[in-house]
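S.K.: Here's my sequence, what's the structure:
(one chain, ligands or ions: 1)
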Amino acid sequence: MYSIQPIAKDILYVGASDRRLAKFENLFPIPRGVSYNAYLILDEKTALMDTADASVAGQFLENVTAGLAGRNLDYLVVDHMEPDHATMIEEVLLRWPDAQIVCNAKTVPMLKAYFPGDTARIDNALLVKEGDTLSLGAHNLAFVMAPMVHWPEVMMALDTTTGTLFSADAFGTFGALEGSIFADEVNFERDWLDDARRYYANIVGKYGAPVQAVLKKAGGLPIQTIAPLHGPIWRKDLGWFIGKYDLWSRYEPEEKAAVVLYGSMYGHTASAAQAIAAKLAQQGVKVAVHDLSVIDTSEAVAECWRASTIVLAAPTYNAGLYLPMHALLDDLKALALQNRTFAVVENGSWAPMAGKCMRAALAELKNCTVLEQGVTIRGALAPAQDAELEAFAKAVAEAM
Ligand code: FEO
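M.R.: As a prediction, this is how the structure comes out:
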């Protein structure tokens, strides 16, 4: 059964949610699923704004068919070529053979790479560039190039008639759409913000500068509604979510808060991490603690995007660093995290190396401070180290 609904005048939501996929990009756990949003504009001309992943093909095609209600499809606007939004392009072109692709010059080679069998339709694409407009009748689409948010060909389209910004991956989140598809009809801050931050940090985090460039362009646009390719649609309080994107893309923490991220083989480093967290809390610091063997690396990355101050605690392993901590530090470097304060706790039964390894990895992050004061544990935390732990927690708190 089709599932479509209006999001603005003459604009229908025709996307669908996948509740079965275990990992987005076969990498990031999505226990709440994910939505692949697509939109249909019904004017003198009709336009489909992006397609969807093959996993939701049936629902997506049913929705587009129901939305068109027998009308022809005139345009297929391709804002983003990543397969989670582009896989159904070929099927859409088969079902609606008169539809013309609308894209930019960078999209064309990608279309040909993914759909090598249909180059004639691709060669017939209507190419648009920054500032170009396309009239559908009462609605006009104005195109805004958004390279590297999150692939080079990404563009956004603003329907200047309703102020609807089709924002591609920007302002997206993990999570299937259940019940309402609108951010103002769910408790976004309570139920979605963590997933939105995790989506941003892990998918788009590396591309802070391009996101900033687009935010500056968007600041001058008359936007009433943000229609992303994943997650709820924004009709109210746009500034609140844009503000989060501004912080995230400038690599500024959302909160003056500490997060203790630890790896622990037998519980001793975990015990030290909990003791440090307790001492930080006693200093009045807002603190969260996570075991890197329990949470996914993508969640730890998101916590690093949220908090100002990060305490890393890990055992030495094979004369190097315990693997979950290694994975986190690799990811933080790849995603270009900046502007944080770090402190380091190492464990090593006979030759502690974890601290040195963590410091070497942190030295590669831009604009980050690593406290000189650290803690070394030789197996279990010794009662005599309590004063040392107290001083360490105080130094972390004072550095905030
Ligand atoms: Fe949701 Fe970059 O694709």
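S.K.: in the longest helix along the chain, what's buried?
M.R.: Across the chain, the longest stretch assigned as helix under DSSP state H is helix 268-282. For helix 268-282, burial by neighbour count (16 or more other Cβ atoms under 10 Å) applies to 268-277, 279-280. (Each C-beta comes from the backbone N, C-alpha and C, glycine too.)
S.K.: from those, which are also near the ligand?
M.R.: Among these, no residue lies close to the ligand (Cβ under 6 Å from any ligand atom).
S.K.: Name the nearest of those relative to L21.
M.R.: A270 (31.5 Å; Cβ to Cβ).
S.K.: what's the nearest residue to that closest one if we skip its chain neighbours?
M.R.: For A270, ignoring the flanking residues on the chain, the nearest one in space by Cβ to Cβ, 6 or more residues apart in numbering is S264 at 3.8 Å.
S.K.: before we move on, back to that, can you name the next helix or strand after the longest helix of the chain?
M.R.: strand 287-291 (DSSP states H and E).
S.K.: Which elements pack onto that next one?
M.R.: strand 255-262, helix 268-282, helix 297-306 (3 or more Cβ pairs under 8 Å, 6 or more residues apart in numbering; DSSP states H and E).
S.K.: want to throw those into CSV with distance to S55 and mean pLDDT?
M.R.: Below are the helices and strands packed on strand 287-291 laid out as CSV (distance: least, Cβ to Cβ, whole Å; pLDDT from 0 to 100):
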stretch, distance to S55, mean pLDDT
strand 255-262, 32, 98
helix 268-282, 38, 97
helix 297-306, 20, 98
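S.K.: Where does this protein get nearest to the ligand, residue-wise?
M.R.: E82 (3.6 Å; Cβ to the nearest ligand atom).
S.K.: tally of neighbours for the closest residue to that residue other than its chain neighbours?
M.R.: Distance criterion Cβ to Cβ, 6+ apart; nearest residue to E82, sequence neighbours excluded, is W151 at 5.9 Å. W151: 17 surrounding residues under other Cβ atoms under 10 Å.
S.K.: Use 110 as the first number from now on
M.R.: New numbering, starting at 110: the last item is W260.
S.K.: per-residue confidence at the closest residue to A292 other than its chain neighbours?
M.R.: The shortest distance from A292 to any non-neighbouring residue, by Cβ to Cβ, 6+ apart, is to P341 (4.0 Å). The per-residue pLDDT reported for P341 equals 98.
S.K.: Spit out the contact partners of P341.
M.R.: P341 is in contact with 282, 286, 289-292, 295, 297, 301, counting by Cβ atoms under 8 Å, 6 or more residues apart in numbering.
S.K.: what about 7 Å?
M.R.: When contacts are counted by Cβ atoms under 7 Å, 6 or more residues apart in numbering, P341 touches 286, 290-292, 295, 297, 301.
S.K.: Mind checking which of these are in helices?
M.R.: Checking the contacts of P341 against DSSP H, those in helices are F297.
S.K.: Out of the contacts of P341, who's the most crowded?
M.R.: Ranking the contacts of P341 using other Cβ under 10 Å puts A292 first, with 25 neighbours.
S.K.: per-residue confidence at that residue?
M.R.: For A292, pLDDT reads 98.
S.K.: just checking, it touches W343?
M.R.: Yes - between A292 and W343 there is a contact at 4.8 Å, judged by Cβ atoms under 7 Å.
S.K.: Within range of the ligand, give me the residues from the protein.
M.R.: Going by Cβ under 6 Å from any ligand atom, the residues of the chain near the ligand are 189, 191, 193-194, 259-260, 278, 338-339.
S.K.: rerun that using 5 Å as the cut-off
M.R.: 191, 193, 259, 278 (Cβ under 5 Å from any ligand atom).
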